[in-house]
Each structure stands twice: as C-alpha cells, then as structure tokens.
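*Asks:* Got a predicted structure here, sequence first:
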Amino acid sequence: MSDVPVSDVLVVGGGPAALAIAAELAERQLQVAVLAAADPRDPWPNTYGIWGDEVDALGLGHLLEHRWSHTCSYFGSGSSDPADPANSPTRHGRDYGLFDKTRLQQFWLGRCEAAGVQWLRGLAQELSHGGGRSRLTCTDGAVLEARLVVDASGHQAVFVQRPERGPVAGQAAYGVVGRFSAPPVEPGQFVLMDYRADHLSAAERQAPPTFLYAMDLGGGRFFVEETSLALAPPVPYAVLQQRLERRLAHRGVAIEQVEHEEFCLFPMNLPLPDLDQPVLGFGGAAAMVHPASGYMVGALLRRAPAVADAVAAALEADPAASPAQLAQAGWQALWSLELRRKHALYQFGLEKLMRFSESQLRAHFATFFALPDAQWYGFLANTASVPELVAAMVRLFATAPWSVKAGLMAMQGRELALGLRLAWPVGS
C-alpha cells in the first residue's frame, strides 16, 4: 500500500460538480487528483441556466453567454390569438441568464490547473477504507489512494449510498437549438414555462402535462425545449419531441435548421445520501438538484467553498483523521440541518405537483408567480430560510383557487413521510 501515491482528496467524475469541488479543494493547498472516464476538457452537451441575481451575487456575470430582461411565463388556458386574455404572459421582472458552457468549463479547469490538480483517466470500480486512507481500484486494475474520496460522478453515483424510498421522478426534456420559419418566441424574450396546451386534444390533455422552455439567442437563432416537470417513470423523449413539433406547428412555426439537439433527464426527488458514510458526495451524487426547479449549477458555485473549507479545516485540525471523519466534516457543511429541512420541504411540494392535472398546474404556477417577488425568487433560488419558505407556501395556499387547494390537501403519496422529515431530517 505504501508504494501507491496518496492524494489528500481524490475526486471521481469530470463534469461541472467534479470540477467545482476540485478547484475549491486545490485552492486550499490540498493535493487533489481527479479521476474521470472521459477527458474533463471534452465539451459539455447540455445548457445551464441561472437567474441573473444569482450569478451577480457570485460576481460571475461574465460567464453568461446570454442574458434576458424580457422574462415571462404563460399559464393561461391557451390560445394562438394574442388578443385572448388566456394568452397574456406572466411577467417575472427578473433577469435570466444562460451560461457560456465553454467559458464556465474553463473557469473551473483553469483554477484546477493553476492549483496543481492531477488529471487521471480511468473507470472507478471498488472502494475500501483502512489505515487512515481510502483505496480505489479502477476497472483496469489501477489502484489509487487518498485521505478522502469525493464522489462527483453524477446522479447514478459510483460509491455514494442512499436509502431506497420508492420510485425516483425524473425531469425529462427534448430541445432544439436552431433556426425556424418564424420566431417561436418574441424578439429578445425568455420563456421560463409555457403551459398553454391548445395544440392538444381534450384526451391528450389528460396525459402528463409538459411545458415549453424557450429563448431568443439572437441572430435568428432560438432554443426551444419541451419539458416534463417530474414524473416516475419519466416522459419519453419521443413524446416530448412530438409535443414540441406539434406546439410549434400549431403556431405556424417549423424547424428549418437544427444546430443542436438536447436530451435531458435527471432525478428530481432523490433521497439525501447517508451522511455517515466514509465517502463524500457532491453534485448530483449528493442529491443537490433543486427539487422545485431542477437547477444545480448555482448550488455548486455557492456551496463548494464551504465544503472545501470544512474538509481542509478537518485535515489541518487532525492530520491523522480517517476518511469517515473527513467525509463527516464535508457532509455537515454540504447538508446542514437547515438545508436538510429545506430539501424535505421542496420534496413535499414536488410530491403534490407530480399528481396535478394540466389545469391545476397552470393555476398553481399562476398563483406562485403572483406571490411577492422575493418569495417566489427565494423559493426557486433556494436562498430563502425555512420560515420564509413556509410563509410563502402558506400564502400560496391562502390565495390559490379551490382546485389547487384541493390538490394540496389530498394525501395520496409520500407526503406524510416527507412532512415528518421536516421535523426529523436525515442525519439529525
């Protein structure tokens, strides 16, 4: 064992989460190695959005490729007639941005390389702990050792363990970046959610609801994406593609040139991991996807520094600390009691929304975005406290129409168990 080089931290994964935590750890003078099956410099396939206020608070507005002030959603019953009141947009009054994927990747890669991160290629297979170290074996037989292993390998984590709590709901989306016969959205517009369903028959509207997420990229280019909020099992890509094409055709729009197709699927309601295990998770492996919005990049940027601080402090305080002790320090920084309660609260809400009909979802979101600006934004950005989240949910219930109230009061799934975790969160 002594012949194997030992890192302070070995990060498994090569995506945004892996680069985010590796950069922060290495900048705290820790010896960090990153093990990835593919080259971390390979282009990322998916797009990443964020609210303007979030990226501004981090001082990273320069990483955006596009930024919109004309932001809105559509929650009416649906009509292609602009004069129809049901076609009126809900205006959000907040900027929304789309990251420049290459610039965001380089932001983390450059910091990693400047801080001396070691890049390793391989597929992780087995992990054991002993003698104050974690020992990782790759599929090719290569052996690596570290004081701590951080699993940032994504939602289907290689090593992070989590409890089994039933079916996992996935947010699925099919999207196209390209050119169209006519603008699919207004010039300079960003559409967060368009739930209008006038292109579907009455029978089709009984199927799981989907919405359009769309934006003007400038220069005659647009990004349009048909999205399912969350469902177990998820809505198939073929259904989403068909719905997108029908939605566009109903509005007299045809796709003329496809620059990029996006296929997106990720879990929305993963249970929190076991916070006592001797390996630390980060990103999707650590259930960091926001259960109410599906977003994660903002959380990676905000929470990586605190996790790195905790691990570095634990190593400095006790150079002989075991992997379990180091992981525990990281888990407590990543999933504080406050954050665990918020996660349970968000999952409680998602459990309700997954059973809402199309008309209930439209009414729900119309009510949600009619809340005071700070309330709905704090809810979606995960910047509100637990009391503030509860206050927002109480206000939403008080102002919602009866159809939404009925859906919120019905206890048909795992709400009771999720509600109990508000009082007794995982790891407390």
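*Replies:* Received, thanks.
*Asks:* Run through the strands of the stretch 51-200 of the chain in chain order.
*Replies:* With DSSP state E, counting those that start in this stretch, the ranges of strands along the stretch 51-200 of the chain come out as 64-68, 70-74, 90-91, 96-99, 118-121, 124-130, 133-138, 143-151, 170-180, 189-194.
*Asks:* how about low-confidence regions in the stretch 1-150 of the chain?
*Replies:* Across the stretch 1-150 of the chain, residues meeting the criterion (pLDDT under 70) sit at 1-4, 78-86.
*Asks:* Quick one: end-to-end distance for stretch 118-126.
*Replies:* Start to finish, the residues bounding stretch 118-126 are 20 Å apart (C-alpha to C-alpha, to the nearest Å).
*Asks:* which residues touch the nearest residue to Asp100 once chain neighbours are set aside?
*Replies:* Closest residue to Asp100 apart from its sequence neighbours, by C-beta to C-beta, 6 or more residues apart in numbering: Glu65 at 3.6 Å. The C-beta positions use only the backbone N, C-alpha and C, and glycine is treated the same way. Shown in contact with Glu65 (C-beta atoms under 8 Å, 6 or more residues apart in numbering): Leu98, Phe99, Asp100, Lys101, Arg103.
*Asks:* next one: Thr90
*Replies:* The contact partners of Thr90, taken as C-beta under 8 Å, 6+ apart, are Cys72, Ser73, Tyr74, Phe75, Phe365, Ala366, Phe369, Ala370.
*Asks:* Now with 7 Å, please.
*Replies:* Thr90 sits next to Cys72, Ser73, Phe75, Ala366, Phe369 when contact means C-beta atoms under 7 Å, 6 or more residues apart in numbering.
*Asks:* Then Leu217?
*Replies:* The neighbours of Leu217, taking C-beta under 7 Å, 6+ apart as the test, are His66, Phe223.
*Asks:* Mind checking what secondary structure it has?
*Replies:* Leu217 falls in the strand class when you classify it by DSSP: H, G, I helix; E, B strand; the rest coil.
*Asks:* Gly188 versus that one, what's the distance?
*Replies:* As judged by C-beta to C-beta, to the nearest Å, Leu217 and Gly188 stand 10 Å apart.
*Asks:* thinking again about what came up before, indicate which one of the strands of the stretch 51-200 of the chain is closest to Leu408.
*Replies:* When the strands of the stretch 51-200 of the chain are compared by C-beta to C-beta, strand 189-194 sits nearest Leu408, at 18.9 Å.
*Asks:* Could you check the angle the closest one makes with strand 64-68?
*Replies:* 80 degrees (axes from the mean of the first three to the mean of the last three C-alpha atoms, to 10 degrees).
*Asks:* and which of the contacts of Thr90 is nearest to Pro401?
*Replies:* Closest to Pro401 out of the contacts of Thr90 is Ala366 (8.9 Å), distances taken as C-beta to C-beta.
*Asks:* Which of the contacts of Thr90 ranks first by neighbour count?
*Replies:* Using other C-beta atoms under 10 Å as the neighbour criterion, Phe75 leads the contacts of Thr90 with 24 neighbours.
*Asks:* what about the residue nearest to Asp100, distance to Leu104?
*Replies:* Taking C-beta to C-beta, one finds Glu65 at 9 Å from Leu104.
*Asks:* for Glu259, same thing?
*Replies:* Applying C-beta to C-beta, the value for Glu259 to Leu104 is 19 Å.
*Asks:* Which per-residue confidence value corresponds to Arg162?
*Replies:* At Arg162, the model reports a pLDDT of 94.
*Asks:* mind listing what the closest residue to it other than its chain neighbours touches?
*Replies:* Excluding the flanking residues, the one nearest Arg162 by C-beta to C-beta, 6+ apart is Pro273, at 4.5 Å. Pro273 makes contact with Val160, Gln161, Arg162, Gly281, Ala286, Ala287, according to C-beta under 7 Å, 6+ apart.
*Asks:* Now for the last one, how many residues are close by?
*Replies:* This points to Ala287. For Ala287, the neighbour count with other C-beta under 10 Å is 25.
*Asks:* so who does Cys72 touch?
*Replies:* By C-beta under 7 Å, 6+ apart, the contact set of Cys72 is Pro89, Thr90, Arg91, His92, Gln189, Val191.
*Asks:* Taking those residues together, which two end up most distant?
*Replies:* Of all pairs in the contacts of Cys72, the most separated under C-beta to C-beta is Thr90 and Gln189 at 12.8 Å.
*Asks:* quick one, phi/psi of Glu24?
*Replies:* phi -70, psi -40 (degrees, to the nearest 10).
*Asks:* can you pull the contacts of the closest residue to it other than its chain neighbours?
*Replies:* Closest residue in space to Glu24, ignoring its immediate chain neighbours: Ala308 at 3.6 Å, by C-beta to C-beta, 6+ apart. Neighbouring residues of Ala308 by C-beta under 7 Å, 6+ apart: Ile21, Glu24, Leu25, Arg28.
*Asks:* Could you do Gly330 as well?
*Replies:* Leu280, Val307, Ala310, Val311.
*Asks:* Tell me the secondary structure at it.
*Replies:* The three-state label given to Gly330 by three-state DSSP is helix.
*Asks:* Just the pLDDT for it.
*Replies:* 98.
*Asks:* any idea how far Tyr346 is from it?
*Replies:* 22 Å.
*Asks:* Now do the buried residues in stretch 359-376.
*Replies:* Within stretch 359-376, the residues scored as buried using 16 or more other C-beta atoms under 10 Å are 359-369, 371, 375-376.
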